[in-house]
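Visitor: A predicted structure for the sequence below; I have some questions about it.
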Amino acid sequence: MSDETERKPLYGRVRDRSGKEYICPLDTLRDPAEVTEEELKQCLDSVEGGFSDSEVRAIIKSDLAKE
């Protein structure tokens with residue numbers, strides 16, 4: 001049974017116009033290829049934070065556990 005309330009958010013890596021990489025919940029993005037400044041407020045800055053792939057997975061897992 002896939003109830004809409006049980007769906008977990010999906011995250012993806014996106015880049016802003018300057019090429020900076022972010023980790024964002026995909027359901028907050030209208031077009032992942034053209035991310036707006038407003039949409040980036042919902043994202044994690046993966047480069048500036050220096051997150052490795054395993055750290056990104058841990059952050060996402062932690063965020064999902066909070067819901």
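Guide: Done, it's in.
Visitor: Can you tell me the SS state at S54?
Guide: Following DSSP: H, G, I helix; E, B strand; the rest coil, we place S54 in the helix state.
Visitor: so what pLDDT did it get?
Guide: S54 is assigned a pLDDT of 78 by the prediction.
Visitor: Burial check on it, number of neighbours?
Guide: Counted by other CB atoms under 10 Å, the residues lying close to S54 total 8. C-betas here are computed from N, CA, C, even on glycine.
Visitor: If the residue nearest the centre of the chain is in a bridge, with which residues?
Guide: Nearest to the geometric centre of the chain sits C24, at 1.7 Å (CA atoms, centre = their mean). On the basis of DSSP bridges, C24 is bridged to G12.
Visitor: can you pull the contacts of it?
Guide: Under the criterion of CB atoms under 8 Å, 6 or more residues apart in numbering, the neighbours of C24 are Y11, G12, R13, V14, P32, V35, E39, L40, Q42, C43, L44.
Visitor: Buried members of those into ChimeraX, please.
Guide: Of the contacts of C24, the buried ones go into a single ChimeraX selection, burial set by 16 or more other CB atoms under 10 Å:
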select :11,14,35,39,40,43,44
